[in-house]
Structure formats: C-alpha cells, structure tokens
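Colleague: Give me a model of this one.
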Amino acid sequence: MKTVIIIDEHELIRTGLEAILKDKWQAAGKAATLEEAKAILKNITRIPDIIISDLKQAEEWGIEIIGGKTSEKDTLPPILVYSAYDDYNHVNHAVRSGAKGYVCKSQSIAELIAAMEEVSSGKTSFPQEMNQRIAETASKTLKLNQREQKIFNMVQLGKNNKEIAATLNYATSTIENNLRIIYQKTGVKNRQELEKL
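Modeller: Alright, predicted model coming up:
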C-alpha cells in the first residue's frame, strides 16, 4: 500500500483525508504545522510515496516543507498541493516552489486520488486550464540565471527590493540592476507585469 504524509492546519481535513484514502493509501504521518511535518520526516524509517500539503499553513507556505531536508543528499517524496486557492498565481507559486501537482479543495475526491496516483508515479498533475499558462511562464523564465530566478520568485511573492536584498544578502542596488535584466529577459515592462507573469 502506498504511503502519504498529510499536512494541513485543519484537523478535519487531516482526519477526513486519512479516512477517505485508507483503502488505497496509508497515512505515514499527519501534521498541522511545518515543524511537525519536518519532525515526522526526520524520524520516519521509510520515505512515503507522496506528501499532500495545503499551500498555506497559518503564516507559512506549506511548500516550504522542502526545508525539511537535513542535507542536500536527503530526498523528499513529490509534493502535491491541496488548497482552497484556485487562481493562477497560487498554482504558479506552487509550481515554482517545486510542487509536482496541485488540486483545489473544490475538486472531487476522485480527482484528488487521480492526481495522487500521477504524482506518486513520477508525473505531474495540474488543473487543465492552468497548464498552458504555466508552460508559457516557464518558457519565459528559462533564460534567468539562478540569482535572477530567486529574485523573480520573491517578486511574485510580493517582496519589495529591501526585503529581497536582506534575504539574499545583496545590496538593494544589485537587486534593482538584476530586475532590469529580468524585465528584458522575460519581456515585461515593469514590476507589476512581472508580478502577474
């Protein structure tokens, strides 16, 4: 039987998913916070087939479970986001952060299970209406180097230049220079267009 870790701040969602999935999926752990999830991953003896995580855990981004790795050699199972947010910006954030799938809580359980099967088998699963736009954005950002990609991601999270500079340990002027390059590479005119990309 395949195993899953369920991360959601709402107990009803955690216990409900465990009960619904029990015929085909075994819950290897349930967590209400990222700290709880990281503790489970640290102590677990067998890496689960998949992690299901809400996109937001209180003030944290659920996808930051990637920080649960204790070293670069550690491996994490693929992450499937299960969220109430059904807009492109949130789906795109999940994609950029490394999620392999995204299911809205308004979708059916059958669609969730289908996405779990796809993601656990090495595929990706995103809402059909989002796929083309995700692909278009990906093609524009392929030209960005590692630093530019980090800045781009933080801009789309609503961070200002000072916040980005402090996080990445660069001067604000460096961020401003890099943003001008990012505008050119992605074909946008200004920050507002970049945020919506």
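
Colleague: State the three-state secondary structure for the closest residue to K143 other than its chain neighbours.
Modeller: Leaving aside its sequence neighbours, K143 sits nearest to K185 (Cβ to Cβ, 6 or more residues apart in numbering; 4.4 Å). Backbone N, C-alpha and C define where each C-beta goes, glycine included. Of the three states, K185 takes helix under DSSP: H, G, I helix; E, B strand; the rest coil.

Colleague: how deep is K185 tucked in, by neighbour count?
Modeller: For K185, the count of nearby residues is 16 (other Cβ atoms under 10 Å).

Colleague: ok, it to I175 distance?
Modeller: Going from K185 to I175 by Cβ to Cβ, to the nearest Å gives 15 Å.

Colleague: tell me which element the residue of the chain most remote from its centre is part of?
Modeller: With distances taken as Cα atoms, centre = their mean, the residue sitting farthest from the centre of the chain turns out to be S173, at 29.1 Å. Using DSSP states H and E, S173 sits in helix 172-186.

Colleague: Give me the next element, helix or strand, following that helix.
Modeller: That would be, after helix 172-186 and using DSSP H and E, helix 191-196.

Colleague: C-alpha coordinates for that next one, PDB please?
Modeller: Written as PDB, here are the backbone C-alpha positions of helix 191-196 (Å, rounded to 0.1, in the frame of the first residue of the first chain):
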ATOM      1  CA  ARG A 191       7.300  45.200 -11.800                       C
ATOM      2  CA  GLN A 192       3.500  45.000 -12.000                       C
ATOM      3  CA  GLU A 193       3.700  42.900 -15.100                       C
ATOM      4  CA  LEU A 194       6.400  40.700 -13.600                       C
ATOM      5  CA  GLU A 195       4.200  40.000 -10.600                       C
ATOM      6  CA  LYS A 196       1.400  38.800 -12.800                       C
END
